[in-house]
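**Student:** Coordinates only, no sequence provided:
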């Protein structure tokens, strides 16, 4: 994950690879990484005292419009992974995230980027983010 980019907020969370998340070779199945990044994203917002539940109650949703991942090295059953999540930008209706996952040895496992779009819960059309969220993002 490039460290020279501006960062609006960052957080870390740890999770362990469960047996059911591995394939026959003992590797963490690649499809699980999207869920790991989602956990990182949800918890990053929670560390800002902003939850998905609260956002939905206010009439907003944040679907993913773009997802890109690069697998660097495998994770295995029972590995303790650290998901580092960075909110790097908020432009109009789009919220940009970067992630990296490392194992207990500090070895890079995967990196990813997602773009989410604020939409009105009733119309499912893009909408301006809540003002209090915008204020929170740029309060430094």
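**Tutor:** Nice, thanks for sending it over. In this text, all values refer to a predicted model and were calculated from it rather than measured experimentally.
**Student:** what's downstream of the longest helix along the chain, the next helix or strand?
**Tutor:** Of all the elements of type helix in the chain, the one with the most residues (DSSP state H) is helix 32-47. Where DSSP states H and E defines the elements, the next helix or strand beyond helix 32-47 is helix 52-57.
**Student:** buried set for the longest helix of the chain?
**Tutor:** Neighbour counts using 16 or more other Cβ atoms under 10 Å place 32, 33, 36, 37, 38, 40, 41, 43, 44, 45 of helix 32-47 among the buried residues. Placement of C-beta: from N, CA and C, glycine included.
**Student:** Could you do stretch 47-66 as well?
**Tutor:** 50, 55, 60, 61, 62.
**Student:** Grab the longest strand from this structure for me.
**Tutor:** In the chain, assigned by DSSP state E, the strand with the most residues is strand 80-91.
**Student:** How about residues contacting it?
**Tutor:** For strand 80-91, the external contacting residues (Cβ atoms under 8 Å, 6 or more residues apart in numbering) are 1, 5-17, 36-37, 39-41, 43-44, 75, 95-104, 109, 129, 134, 137-138.
**Student:** Right, I'll call it a day here.
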